[in-house]
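> below is the sequence, then the predicted model.
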Amino acid sequence: MTVVAGMIAKEVGPTVGGLFLAFPAIFPSGATLIDKHEKEKKERAGLTSGYRGKYAVALDAAGTTMGAIGLMVFRGFNL
């Protein structure tokens, strides 16, 4: 992923390249924390299903994707 981010930065610029470099470092840790938090919340309520954590992580992934697309569109208009 780092090599791809470097190639993108070389072609498009460091701002967009930085976006691609930061994504794989930030998203997995955020998704893991969300899943863990939702599972702990379910356990405190006496429930055992793991679907709530997976659903919360899926929503976070969708939001992250929309945010990244929005940032790229915004950056495209400000060249």
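That came through, no problem. Numbering: from 1, shown residues only.

> which ones are touching the closest residue to I8 other than its chain neighbours?
Excluding its sequence neighbours, the residue lying closest to I8 (CB to CB, 6 or more residues apart in numbering) is G17, at 4.7 Å. (C-beta placed from N, C-alpha, C; glycine too.) Residues in contact with G17, defined by CB atoms under 8 Å, 6 or more residues apart in numbering, are 5-6, 8-10.

> possible to save those as JSON lines with secondary structure?
Output for the contacts of G17, formatted as JSON lines (DSSP: H, G, I helix; E, B strand; the rest coil):
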{"residue": "A5", "secondary structure": "helix"}
{"residue": "G6", "secondary structure": "helix"}
{"residue": "I8", "secondary structure": "helix"}
{"residue": "A9", "secondary structure": "helix"}
{"residue": "K10", "secondary structure": "helix"}
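
> I only care about those residues that end up buried; give me the PyMOL line for that.
Selecting the buried subset of the contacts of G17 in PyMOL, with 16 or more other CB atoms under 10 Å as the burial test, is done by:
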select buried, resi 5+8+9
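
> which one among the contacts of G17 gets closest to R52?
A5 (32.9 Å; CB to CB).

> keeping just the C-alphas, turn stretch 66-73 into PDB.
Taking C-alpha atoms only, stretch 66-73 is exported to PDB below (Å, rounded to 0.1, in the frame of the first residue of the first chain):
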ATOM      1  CA  MET A  66     -18.000   8.200   1.300                       C
ATOM      2  CA  GLY A  67     -15.700  10.600   3.100                       C
ATOM      3  CA  ALA A  68     -12.700   9.500   1.000                       C
ATOM      4  CA  ILE A  69     -14.700  10.000  -2.200                       C
ATOM      5  CA  GLY A  70     -15.900  13.400  -0.900                       C
ATOM      6  CA  LEU A  71     -12.300  14.500  -0.100                       C
ATOM      7  CA  MET A  72     -11.100  13.400  -3.600                       C
ATOM      8  CA  VAL A  73     -13.900  15.300  -5.300                       C
END
